[in-house]
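*Asks:* turn this into a model:
(one chain, ligands or ions: 2)
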Amino acid sequence: MTAGNLPRLNRGVSPADKAPVRIVHLGLGAFHRSHQAWYTQHAGDSGEWGIASFTGRRPDAAEVLAAQEGLFTLVERADSGDAFEVVGSIVEAADGANMDRLVELLAAPRTAVVTLTITEAAYGLGDDDVPLLLAGEKPTTPLGRLVLGLAARRDADAGPLAVVSCDNLSDNGNVARNGVLGIAGAFDAGLAAWIEENASFVSTSVDRITPRTTEADLDAVAASCGYRDEAPVVTEPFHNWVLSGDFPAGRPRWEDAGAVFVDDIEPYENRKLWLLNGAHSILAYAGQLRGHTTVAEALNDSVCRKAVEEFWDEASRHLPGDELGVPGYRAALLERFGNSRIAHHLAQIAMDATTKLRMRAIPVLRAERTAGREGAAAARMIAVWAAFVATSPGLQDPQSESVADANQLSGEARTSALLALLDPELAGDPAVVELVHRLSIAFAPASNAGVSETAA
Ligand SMILES: NC(=O)c1ccc[n+]([C@@H]2O[C@H](COP(=O)([O-])OP(=O)(O)OC[C@H]3O[C@@H](n4cnc5c(N)ncnc54)[C@H](O)[C@@H]3O)[C@@H](O)[C@H]2O)c1
Ligand SMILES: O=P(O)(O)OC[C@@H](O)[C@@H](O)[C@H](O)[C@H](O)CO
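*Replies:* Ligands and ions are numbered 1, 2, ... in the order given. Coordinates of the predicted model:
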């Protein structure tokens, strides 16, 4: 049978019961499916917890998944080979613009949890929705839509629920809370008070490297599974989820799948955001400047790897406590990044730098300087970004206009203007500007061929 003749994946081809919707997700993308959908499928009480998942900006991902009755294949890609699993916890896939359905589900007492993977940048977009909400029009951002859904929940007296941010942001529960309350407060003060009382904003640290799916991945699934899946997800075997907060209307037993519930999430967030995501950002800019395309390729370059390891040394000084197991975490990261069967593209990681570097480079740079040290490795993360945006002025960023304005300047004035987008106070410190500028010159393309392990 050729791939074209294979049956399309659905609940007839791969029988899977549909659990009732009790989780609403905003941001139906690859990561939601490899992480929260996988954890929910592996919870001991998965039969009680179905997910209705809404896209963010376009309907496409929902249409493809709806044609498969929510089913997709999770391809766990290890160095040693692929393992395939059909995930059935998403029981409904919908266009994010379908406000009628979102409102209906959020107003249902049975709905207990809202999860979010809307990207770091999307948490700052909700203000645009306030005039639309006031005019009785449909909001367009994920948090604006959530506010309208929560208004319907209050009106239906459907009770409390938990909102769980699964984006790579420090203190992501509070960032989500502030975003939602900011929009709600400007729209309806009574609603903001209801949300404060009834919505629990849970913070999480999430981890599972999940690159974009390619055509070759579709073919690999067809060849191995005997059906055609138009929406498989490829991910690494490793997975981690640390959560902190209350679930007033209940939750799946995610701990059965390895999720960990803690009182103080900050050390876990810092470990993940600094060591994993910080290293990813260094590799994204330094790696592309040095001609690499994927994380595994960049890590193989001794200059990039040294930049990563030096940043890890600096960051690790601010990750105290044996329970964090930093040496083991670092060793595991080298193995995970080196998995060359996972083609994790640097271009994907490079986007939205001003939001990301604020959480990945700045806290370590500040902590190092407070301790009386230079913070050169954290400064280098900013420096390689500064060098990279000189070569890629169109890079997606929530502050792209300000980046473009900075690019009109030259020398330390340009470096200072870029640094100001991350931390205005540090941008006013001549020693920090000089440091970042010097490190940036070492990585600028003209000098790139000559960047050696000692110079960079
Ligand atoms: N991919 C990973 O390895 C990974 C791992 C850990 C955490 N995350 C977190 O998950 C997020 C999503 O990653 P993904 O791989 O699923 O990406 P994706 O592109 O596959 O999906 C992102 C989803 O968010 C929506 N979205 C994106 N920008 C938006 C915007 N400006 N406004 C509204 N909706 C928007 C998209 O429409 C889509 O539904 C990341 O930004 C990160 O914070 C990803
Ligand atoms: O858009 P970002 O940078 O938050 O995410 C890109 C990758 O660094 C990230 O998705 C990692 O793969 C992930 O955080 C691993 O858990």
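*Asks:* surely Gly149 meets Arg101?
*Replies:* No. Gly149 sits out of contact with Arg101 when judged by C-beta atoms under 8 Å, with a separation of 10.0 Å. For the C-beta atoms, the positions are set from N, CA and C on the backbone; glycine is no exception.
*Asks:* which stretches of the chain aren't confidently modelled?
*Replies:* Applying pLDDT under 70 to the chain picks out residues 1-3, 446-456.
*Asks:* could you redo the last one with a cut-off of 90?
*Replies:* 1-5, 15, 79-80, 120-121, 124-127, 321-323, 340, 343, 393-394, 442-456 (pLDDT under 90).
*Asks:* and it, which residues reach ligand 2?
*Replies:* Glu120, Asn168, Asp207, Arg208, Ile209, Leu276, Asn277, His280, Ile349, Lys356 (C-beta under 6 Å from any ligand atom).
*Asks:* let's see 8 Å
*Replies:* Counting by C-beta under 8 Å from any ligand atom, the positions of the chain adjacent to ligand 2 are 31, 119-120, 167-168, 206-211, 240, 272, 276-277, 280-281, 284, 344, 348-349, 351-352, 356.
*Asks:* which of those residues fall in strands?
*Replies:* Of the residues of the chain next to ligand 2, the ones assigned to strands by DSSP state E are Val206, Asp207, Asn240.
*Asks:* returning to what we had before: who has more neighbours out of Gly149 and Arg101?
*Replies:* Neighbour comparison, Gly149 and Arg101: the larger count goes to Gly149, with 23 against 16 (by other C-beta atoms under 10 Å).
*Asks:* could you measure from the more buried one over to Leu106?
*Replies:* From Gly149 over to Leu106 the distance is 3 Å, taken as C-beta to C-beta, to the nearest Å.
*Asks:* cool, Met359 as well?
*Replies:* Relative to Leu106, and taking C-beta to C-beta, Met359 is found at 29 Å.
*Asks:* which of the ones in strands among the residues of the chain next to ligand 2 count as buried?
*Replies:* Val206, Asp207, Asn240 (16 or more other C-beta atoms under 10 Å).
*Asks:* and Ile51, which helix or strand is it part of?
*Replies:* strand 50-54 (DSSP states H and E).
*Asks:* now do that strand: everything it contacts.
*Replies:* Applying C-beta atoms under 8 Å, 6 or more residues apart in numbering, the external contacts of strand 50-54 come out as 18-28, 32, 36-37, 40, 62, 65, 70, 89-96, 98, 101-102, 105, 115, 145.
*Asks:* so Ser46 makes contact with Asp17?
*Replies:* No. Counting by C-beta under 8 Å, Ser46 sits too far from Asp17 to count as a contact (9.4 Å).
*Asks:* so how do I select the buried members of the contacts of strand 50-54 in ChimeraX?
*Replies:* Listed next is the ChimeraX selection for buried residues among the contacts of strand 50-54, using 16+ other C-beta under 10 Å:
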select :19,21,22,23,24,25,26,27,28,32,36,37,40,62,65,70,89,90,91,92,93,94,95,96,98,101,102,105,115,145
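*Asks:* filter the contacts of strand 50-54 by proximity to ligand 1?
*Replies:* Among these, the residues that sit close to ligand 1 (C-beta under 8 Å from any ligand atom) are Leu26, Gly27, Leu28, His32, Gly96.
*Asks:* and Ser46 and Asp17? which has more neighbours close in?
*Replies:* Between Ser46 and Asp17, counted using other C-beta under 10 Å, the more crowded position is Ser46 (20 against 10).
*Asks:* hmm, back to that, got the CA coordinates for whichever helix or strand comes after the strand holding Ile51 in PDB?
*Replies:* Next helix or strand after strand 50-54 toward the C-terminus (DSSP H and E): helix 60-66. C-alpha atoms of helix 60-66 as PDB (Å, rounded to 0.1, in the frame of the first residue of the first chain):
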ATOM      1  CA  ASP A  60      -5.100  25.500  10.400                       C
ATOM      2  CA  ALA A  61      -3.800  23.400  13.300                       C
ATOM      3  CA  ALA A  62      -7.300  22.900  14.600                       C
ATOM      4  CA  GLU A  63      -8.700  21.900  11.200                       C
ATOM      5  CA  VAL A  64      -6.100  19.200  10.600                       C
ATOM      6  CA  LEU A  65      -6.500  17.800  14.100                       C
ATOM      7  CA  ALA A  66     -10.300  17.900  14.000                       C
END
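*Asks:* okay, buried residues for helix 60-66 please.
*Replies:* So, applying 16+ other C-beta under 10 Å, buried residues of helix 60-66: Ala61, Ala62, Leu65, Ala66.
*Asks:* which neighbouring elements make contact with the helix or strand just after it?
*Replies:* Toward the C-terminal end, the helix or strand that comes next after helix 60-66 (DSSP H and E) is strand 72-78. Packed against strand 72-78 by the contact rule (3 or more C-beta pairs under 8 Å, 6 or more residues apart in numbering; DSSP states H and E) you find helix 30-34, strand 81-87, helix 215-225, strand 233-235.
*Asks:* partners of strand 72-78 in the sheet?
*Replies:* strand 81-87 (antiparallel), strand 233-235 (parallel) (DSSP bridges).
*Asks:* show me what contacts whatever residue of the stretch 201-350 of the chain ends up closest to ligand 1?
*Replies:* Residue nearest to ligand 1 within the stretch 201-350 of the chain: Thr210 (3.8 Å; C-beta to the nearest ligand atom). Taking C-beta under 8 Å, 6+ apart as the criterion, Thr210 is in contact with Ala30, Phe31, Ser34, His35, Val233, Val234, Thr235, Glu236.
*Asks:* may I have the phi/psi pair for it?
*Replies:* phi -140, psi 90 (degrees, to the nearest 10).
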